[in-house]
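Colleague: Generate coordinates for the sequence data below:
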Amino acid sequence: MQYLSAAEYVSFGLGEDTADELVVAASAMIDAFCRRTSLAVMQYVERVRLRRGCEAQLSFLPLVALGGAPSALVNVRARMGRAAMNVSPMADVLCAFGLAGQWADVDVSTVAVSEDGVFTLIPHLLGVPYVEAEVTYTSGYVDVPVPVKIACAQIVKNAQAMPALNVKRQAMDGMQMEYFQGALLDAEVQRMLQPYVAERVG
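Modeller: Down below sits the predicted model:
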């Protein structure tokens, strides 16, 4: 996704003749820094380890409910670990029905998820905790946040101010941009992008 359109170049301090390739490369650097495919609204499938058998942190925020859906969650599956069976008086029954280690669909309406992405799963009705969940959910920004646009413009300005990049060439080498990424994403840019970094890697 390109975080600045050509019509916005001047309003964010860039020249009208700024090469689109520079903005595309700057946008890709923002995605890499934020550990995301894109900041736009997307669907994610994420496997999370559950703390205390019922809670985990989703990586990508903010959560978005689309098409009149009551929740950003699309699908949830969970599984119980074999180690958890040792603490259940129903262990023999659960093993007999092959529930240990098996993935089971969970009714999305029984799952709670907070605005800050804390996902809470109700324990299994037989009292055995789940150890892992696979969550399909929708997340991202419908409109590009202003700090992200400012950061994108600043990366482009940093590239234009760096003679080694030779940005006046017609073709922009993405590998060259990656090589100078540490200098282009300066401390101020990183500070602006910090709220948009994924909560965890994976």
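Colleague: mind checking the SS state of residue 194?
Modeller: Each residue gets one of three states, and residue 194 gets helix by DSSP: H, G, I helix; E, B strand; the rest coil.
Colleague: How much space separates it from residue 31?
Modeller: Remark: distance between residue 194 and residue 31 (Cβ to Cβ, to the nearest Å) = 15 Å. For glycine as for every other residue, the C-beta is placed from the backbone atoms N, C-alpha and C.
Colleague: What ranges does the protein have for its strands?
Modeller: Along the chain, counting by DSSP state E, strands occupy 42-49, 55-57, 73-80, 103-106, 112-113, 118-120, 130-139.
Colleague: This structure - how does it break down into domains?
Modeller: The chain breaks down into these domains under automatic domain parsing: 6-38+143-196, 42-139.
Colleague: Out of those, which gets the lowest mean score?
Modeller: If you rank these by mean pLDDT, domain 42-139 sits at the bottom with a mean of 80.
Colleague: close enough to count as contact, residue 104 and residue 78?
Modeller: Yes. In this structure, residue 104 is within contact of residue 78 by Cβ atoms under 8 Å, at 6.1 Å.
Colleague: neighbour-wise, which of the two wins?
Modeller: Legend: neighbour count by other Cβ atoms under 10 Å for residue 104 and residue 78, higher for residue 78 (25 against 12).
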